[in-house]
Structure formats: C-alpha cells, structure tokens
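[1] please work out how this folds:
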Amino acid sequence: MPNIKQGLRNLKEDYVDGSHWIIRTFGVLVIVYGLFSSALGFYWNSEPDIAPPPAAQTVTGAATTKALLYVANTMLNKPGGYLSNDVSLPGVWMDNIPNWEYGVLIQVRDLSRAMRKDFSRSQSQSTEDPDLAITEPQFNFDSKSWMLPSSEGEYLTGIDALIRYLERLSDQQQSQAQFYARADNLTRWLGDVETRLGSLSQRLSASVGQKRLNTDLAGDASATQSTSADSELVIKTPWSEIDDVFYEARGASWALIQLMRAIEVDFKSVLEKKNALVSLRQIIRELESTQETLWSPMIMNGSGFGLVANHSLVMASYIARANAAIIDLRELLTQG
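    Modelled structure (predicted):
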C-alpha cells in the first residue's frame, strides 16, 4: 500500500508540474504574440505618402485614370493591405486606418461614377463605356465583407476593368474609349466633392458640440420637409467617433490631392481659359495642409479656446477652406 500511495503521489506531482509547464508556455506564447501584434499594428498604422505630381500626358484623361488607379491600388496594397474587413489580430482592433480607407474609398467611388456618367460620355444620350460600367459598381461593394466574396476581390475586379479602359484610351488606333475634358463635366464632379467635404467639415466641427439654428428650409418660403424638426438643434459628434471622423477626413483629403493634381493635367486648357488654374492649385494646397505629421499619439479634443489642442477643429478649418475654394472654382467654370 505505501508503494501504491507513493506512486499516486508522484503521478500527481508529475501532472501538476506538467500543467504548470503548459500554462507557463502558453503564457509566454500569448505575450510574444501580443508584442508581435502590437509591433505589426504600429507599422500598419502608418499612412501612405503622397505621390509626386503627374507629368503631362499625350492622351486626355490618362492622368486622371492613372491617379484613380494609384489611389485604389494604394488603398489595397499599403502596409497591412486592406484592413477594413480584417477578422484577426492586429487588424481587427485597429480603427484609424480602416476609417482612413473609408475616406479614400468614398473618393474612389465618386470619381469612378463621374467617369462612367460624365467624363467618358459626349452627351446624356451617348452610350456608357463598358469597362467603366463594370468599375463603378465594383467599387460600391460592401467595404467590410471578409469573404464570399471579399471586398478586396471585388475592388480588384474594378481595378482590372479600369486598366482595360486606360489601355483602350491610350490606343490611338481606336476611338471607342474617350475622356471628355469639359467644364461642365468637371463642375459636376466638383459638386460631389463639395458635398463630401461639407459633410466632413460639419462632423469635425461638431467634436466640441454646439447649438445651431435649423436652416434646412432657409431661402425658400414654399419649401417643405418630410417630418418637422426643432428650430434649434444640438449637434455633437460622439466621443467614440471623433478619431473615426478625423481619419476619414484625412483619407479623403489624401485621395483628393492625387486626383486634383491629375485633374490639373487633363483639364489644364479648360482651367486656363476660365482663368481658374490658380484656384485649383489653392484647393490642392489647402488639402496638403491636412496631411501634416500628427505628433500626438491620440486625437485631442480640447474645447475651442481651451488649453488642450483640438485636432478635429484644425482639420475642419483646412477642409472648410478647401471647400470654399471649390465653390469659387465651380462659379468660375460656369461663367462664360
């Protein structure tokens, strides 16, 4: 009996020692994985650089198409790839870059739609380009789909169609693919940009919260709306969404810088005729200010005149100035 008890005691000690070894090993692996994921997440959290200004192109529309391809490809192939639909660490708990990607994606969608319905068509009754008819809906696919199908796969299909359009556009032996650099086409796309930047500016400004008078129906005495609203509204961005809006605005501005520079190349003759080239360059300069290095490890949300900085208000100022310049540019383009 003593031998049996001693054997059971030794077996229990071996089991306990083995369990401790497994727990210690598992704990070390978790710590190593956590450190590796943190380092990888820090690397993935870096924003891509702005591409150099495009050179003059021999084919009208080539610069804009190439810029759209660059922006879309960078969104998918930057460090860490496309993170908005990640389901594993570290991407699953990152939100700054996914919001940056969403800001870029909105601009890709808007320009691809403008190319399909305006830039590639001579008039409203003309036939749309078959490749651009594929590109536009592909970029409008759900941005958070992980698989079956994945967002990246759908966007790559749109990129492939856009490449085919560029190849046909650059082929001087055929005339089916066209890009019409006209003032009215540019004005309509700038209207979309104006709307997007106006919304971002308001959301950024609402980081500190403010009371606003309801001006939804101002300027038209006969105007109506679906449901009644208070005459005074309290507008405030939830604290959990402040950095989300900031990085969405930063991504949208990054994309617009590339696209505006390309527009300057393709629409140069139109802008010079309207004496509006300097206005476009001022828009680009204001947008470039939004890409300054952010030295703070977090987005600060101090009060408007408080001791702590408010990064959202600074970003809102740059975007509002760019938006005001876009309004002026549209007015210049509509003048004879």
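[2] break this protein down into its domains, please.
    Under the assignment named as automatic domain parsing, the residue ranges that make up the domains of the chain are 59-180, 181-214+231-336.
[3] dump those to JSON lines, plus distance to Gly27, mean neighbour count and mean pLDDT.
    C-betas here are computed from N, CA, C, even on glycine. As requested, the domains of the chain are arranged in JSON lines below (distance: least, CB to CB, whole Å; neighbours: other CB atoms under 10 Å; pLDDT from 0 to 100):
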{"stretch": "domain 59-180", "distance to Gly27": "17", "mean neighbour count": "18", "mean pLDDT": "90"}
{"stretch": "domain 181-214+231-336", "distance to Gly27": "28", "mean neighbour count": "18", "mean pLDDT": "88"}
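[4] take these and write them to CSV, including distance to Glu47.
    As requested, the domains of the chain are exported to CSV (distance: least, CB to CB, whole Å):
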stretch, distance to Glu47
domain 59-180, 6
domain 181-214+231-336, 7
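[5] tell me if I'm right that Tyr180 and Arg121 touch.
    Yes - in this structure, Tyr180 sits in contact with Arg121. The criterion is CB atoms under 8 Å, and the distance is 7.2 Å.
[6] sorry, back to before: tell me which of the domains of the chain lies nearest to Pro53.
    domain 181-214+231-336 (5.0 Å; CB to CB).
[7] may I have stretch 135-149 as CSV, with CA atoms only?
    Included here for stretch 135-149 are C-alpha records, laid out as CSV according to Å, rounded to 0.1, in the frame of the first residue of the first chain:
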residue,chain,number,x,y,z
THR,A,135,-15.7,49.6,-62.5
GLU,A,136,-18.2,51.8,-60.8
PRO,A,137,-20.5,49.1,-59.2
GLN,A,138,-17.4,47.0,-58.2
PHE,A,139,-16.1,49.9,-56.1
ASN,A,140,-19.5,50.3,-54.4
PHE,A,141,-19.4,46.8,-53.0
ASP,A,142,-19.6,46.4,-49.2
SER,A,143,-16.4,47.6,-47.6
LYS,A,144,-16.4,45.1,-44.7
SER,A,145,-17.1,41.8,-46.5
TRP,A,146,-14.4,39.3,-45.4
MET,A,147,-15.1,36.5,-47.9
LEU,A,148,-17.7,35.0,-50.3
PRO,A,149,-16.8,37.4,-51.9
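[8] only alpha carbons, please: show the host helix or strand of Val108 as CSV.
    Remark: Val108 resides in helix 96-114, with elements defined by DSSP states H and E. In CSV, the C-alpha atoms belonging to helix 96-114 read as follows (Å, rounded to 0.1, in the frame of the first residue of the first chain):
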residue,chain,number,x,y,z
ASN,A,96,-7.7,54.6,-37.5
ILE,A,97,-6.5,53.1,-40.8
PRO,A,98,-9.9,51.4,-41.7
ASN,A,99,-11.5,54.8,-41.3
TRP,A,100,-8.8,56.3,-43.5
GLU,A,101,-9.5,53.6,-46.1
TYR,A,102,-13.2,54.5,-46.0
GLY,A,103,-12.4,58.2,-46.7
VAL,A,104,-10.3,57.1,-49.7
LEU,A,105,-12.9,54.6,-50.9
ILE,A,106,-15.6,57.3,-50.9
GLN,A,107,-13.5,59.4,-53.3
VAL,A,108,-12.7,56.4,-55.5
ARG,A,109,-16.5,55.7,-55.7
ASP,A,110,-17.3,59.3,-56.6
LEU,A,111,-14.7,59.7,-59.3
SER,A,112,-15.5,56.3,-60.8
ARG,A,113,-19.2,57.3,-61.0
ALA,A,114,-18.2,60.6,-62.6
